[in-house]
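S.K.: Next come a sequence and a model predicted from it.
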Amino acid sequence: MKKAKRVSIFVLIVAALIIGASSIVITQENEYSLIRQFGRVDHVVDSAGISFKVPFVQSVDTLPKETLLYDLASSDVITSDKKTMICDSYVLWHITDPLRFAQTLNSSISNAETRLDTIIYNSTKNIISSTSQEDVISGRNGTLSAAIINNIGGSLNQYGIELLSFEIKQLDLPNDNKAAVYERMISERDNIAATYTAEGSSEAQMIRNTTDKEVTVMLSEAEKEAEILIAEGEAEYMKILSEAYADESKQDFYSFVRGLDALKRSMVGNNKTVLLSPDSPIAEIFYGR
């Protein structure tokens, strides 16, 4: 009897341990614990630690709580000017509502990636199909990614998913027409540069013509003013001479000075000797005749 009693106690202890162990739920920092009852999610444990469930009635599934990376397959997209581009991208995402994620995607990361693939591809196609090839190429620095994220908006919220980042690894031309497109773009840039150069040259010529005209007018005005001043000076000079010769007391002096001036102008070169006849006007001045 004692032996049977001991066996019963041992069985009870083992059963208690099994039941106790099956009722404990340990949730890690980087995961959600989904407590299911008869296959349906009863509640979600989103905090790290130990919690409990009903043994043999409830089961536990886990979902990742950390940021996840999904690398999309390269795909062809068509620009608004009917040019083919190859887009290779990836996204960073995480689960924000594990209950909704479980209900809509059956707790499957693979199902979530399929939804991401479809929604992101459609958004990428919509944005690029309304953008010219030239703008697509120039928008690879981040503006295109921002436009695609804005286009996606909150369409992933219905699955309990949030898109953290969308990055384009490569957005390029197919190899068979890449060289031709780049040549065309270079030619277009050369044409634009030539137009700007021609416009600049025309504007410069207009400025030069205007400046030359203004300089000509200014020189003409200056020459006119100089002529007026010279004429006024000569008139004043003649007036002074007239007044001087009108005074008999000064006539001899001015005649003497003018004679010296005439003599000075006649002495050119190295020969400084002047021969005057006694009856020359200059000699008469010196003789006081």
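M.R.: Thanks, I have the structure now.
S.K.: Can you pull out the low-pLDDT segments for the stretch 1-150 of the chain?
M.R.: Under the criterion of pLDDT under 70, the regions of the stretch 1-150 of the chain flagged as low confidence span 1-8, 10-12, 14-22, 139-141.
S.K.: Quick check: I86 vs H94, distance?
M.R.: Using C-beta to C-beta, to the nearest Å, one obtains 28 Å as the distance from I86 to H94. Every residue, glycine included, has its C-beta placed from N, CA and C.
S.K.: Give me the helices and strands touching the helix or strand encompassing E199, please.
M.R.: Counting by DSSP states H and E, the element that carries E199 is helix 178-246. Using 3 or more C-beta pairs under 8 Å, 6 or more residues apart in numbering; DSSP states H and E as the contact criterion, the neighbours of helix 178-246 among helices and strands are helix 133-138, helix 248-266.
S.K.: any idea which of those helices scores lowest on pLDDT?
M.R.: Set side by side, these differ in mean pLDDT, and helix 248-266 is lowest with a mean of 66.
S.K.: Pull the contacting residues for the residue lying closest to R115 once chain neighbours are set aside.
M.R.: Residue nearest to R115 in three dimensions, not counting chain neighbours: Y159, with 5.9 Å by C-beta to C-beta, 6 or more residues apart in numbering. Applying C-beta atoms under 8 Å, 6 or more residues apart in numbering, we find Y159 in contact with 100-101, 104-105, 112, 115.
S.K.: mind giving me the domain ranges of this structure?
M.R.: Under automatic domain parsing, the residue ranges defining each domain of the chain are 2-63, 68-174, 177-246, 248-289.
S.K.: Tell me which of those domains sits most buried.
M.R.: domain 68-174 (a mean of 16; mean count of other C-beta atoms under 10 Å).
S.K.: Show the end-to-end separation of it, please.
M.R.: With C-alpha to C-alpha, to the nearest Å applied, domain 68-174 spans 30 Å between its terminal residues.
S.K.: Report the contact partners of S129.
M.R.: With C-beta under 8 Å, 6+ apart, S129 has these contacts: 77-80.
S.K.: want to throw those residues into TSV with distance to A231 and secondary structure?
M.R.: TSV is the format used below for these (distance: C-beta to C-beta, whole Å; DSSP: H, G, I helix; E, B strand; the rest coil):
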residue	distance to A231	secondary structure
V77	85	strand
I78	84	strand
T79	78	coil
S80	76	coil
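S.K.: Determine which two of those residues are furthest apart.
M.R.: The largest distance within these, taken as C-beta to C-beta, falls between V77 and S80 and amounts to 10.9 Å.
S.K.: isn't R100 right up against A112?
M.R.: No: the pair formed by R100 and A112 falls short of the contact definition of C-beta atoms under 8 Å, at 11.4 Å.
S.K.: Nearest residue to I152 in space, please, no chain neighbours.
M.R.: Spatial nearest neighbour of I152, excluding adjacent residues (C-beta to C-beta, 6+ apart): S123 at 4.8 Å.
S.K.: ok, that neighbour - contacts?
M.R.: Applying C-beta under 8 Å, 6+ apart to S123 gives the contacts 148, 151-152.
S.K.: Check for me that Q170 belongs to a strand.
M.R.: Yes: checked against DSSP: H, G, I helix; E, B strand; the rest coil, Q170 lies within a strand.
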